[in-house]
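In: I would like the atomic coordinates for the input below:
(chains A and B)
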Amino acid sequence: DTEVTQTPKHLVMGMTNKKSLKCEQHMGHRAMYWYKQKAKKPPELMFVYSYEKLSINESVPSRFSPECPNSSLLNLHLHALQPEDSALYLCASSDILTNEKLFFGSGTQLSVL
Amino acid sequence: GNSVTQMEGPVTLSEEAFLTINCTYTATGYPSLFWYVQYPGEGLQLLLKATKADDKGSNKGFEATYRKETTSFHLEKGSVQVSDSAVYFCALTGGGGFKTIFGAGTRLFVKA
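Out: Predicted coordinates for the structure are as follows:
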């Protein structure tokens, strides 16, 4: 199984809503990532977890709250988002020993109204 | 710091044409180099990679050679198909960290 599965595929939320994005992989990867991608731009790194601990936070606003409950799951909790947060949110994983090739999910297309 | 520069798009080609997408990089040490492809409505997927100088990565008819002397990793394909229409990202990793540096992406349109 070389898949990274993200749910939901699409999400529309208001600025006062609370929602969560979910990501799952069963490749035994101990590094997991959240990226944000705006249209016609490359992915921008948001968070990195290694061995289920937060390793990198790229100065992301606190309205985005990541969580890694176990080695297979990664969540991104969303609260009080702004319209400019509308984007494609991509989860990725990698083998922590080689730390090179990223395996991406198909993403969640988020619209904030 | 590390950076990746790739040619501006979009690139529009007819089916069976030759493709080159230029990519150059700036990095300290010995980075690994990648090409990722993103089809519409999907995430990125690795197309090919090279981990040291003079390595050639290849996959699905695409090739790229790691040229340290010119700090380049140009993507080529001898005969493109309509199904190759996508966005292509050149990228590098290095220094033992978790950060992958992506280029801006080049959109390819292939006409039948």
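In: can you name the residues of chain B sitting close to chain A?
Out: B:32, B:34, B:36, B:41-46, B:49, B:51, B:89, B:93, B:96-100, B:102-105, B:107 (CB under 8 Å from any CB of the partner chain). All C-beta spots, glycine's among them, are computed from the backbone N, C-alpha and C.
In: which residues does the most centrally placed residue in chain A contact?
Out: Geometric centre of chain A, nearest residue: residue A:34, 3.1 Å, by CA atoms, centre = their mean. When contacts are counted by CB atoms under 8 Å, 6 or more residues apart in numbering or on different chains, residue A:34 touches A:23, A:45-47, A:64, A:66, A:74, A:76, A:89-91.
In: returning to what we had before: filter the residues of chain B next to chain A down to the buried ones, PyMOL style.
Out: Here is the PyMOL command that selects the buried residues among the residues of chain B next to chain A (16 or more other CB atoms under 10 Å in any protein chain shown):
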select buried, chain B and resi 32+34+36+43+44+46+49+89+93+98+99+100+102+103+104+105
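In: and residue 88, how many neighbours?
Out: This is for chain A. 20 (other CB atoms under 10 Å in any protein chain shown).
In: um, chain B though
Out: If you count neighbours by other CB under 10 Å, residue B:88 ends up with 25.
In: how about the nearest residue to it, chain neighbours excluded?
Out: Leaving out its chain neighbours, the residue that sits closest to residue B:88 by CB to CB, 6 or more residues apart in numbering or on different chains is residue B:106, at 5.1 Å.
In: give me the neighbour count for that neighbour.
Out: 20.
In: how near is it to chain A?
Out: From residue B:106 across to chain A, the span is 11 Å (CB to the nearest CB, to the nearest Å).
In: next: residue B:2.
Out: Residue B:2 is 13 Å from chain A, by CB to the nearest CB.
In: per-residue pLDDT, residue B:48?
Out: Here, the pLDDT recorded for residue B:48 equals 97.
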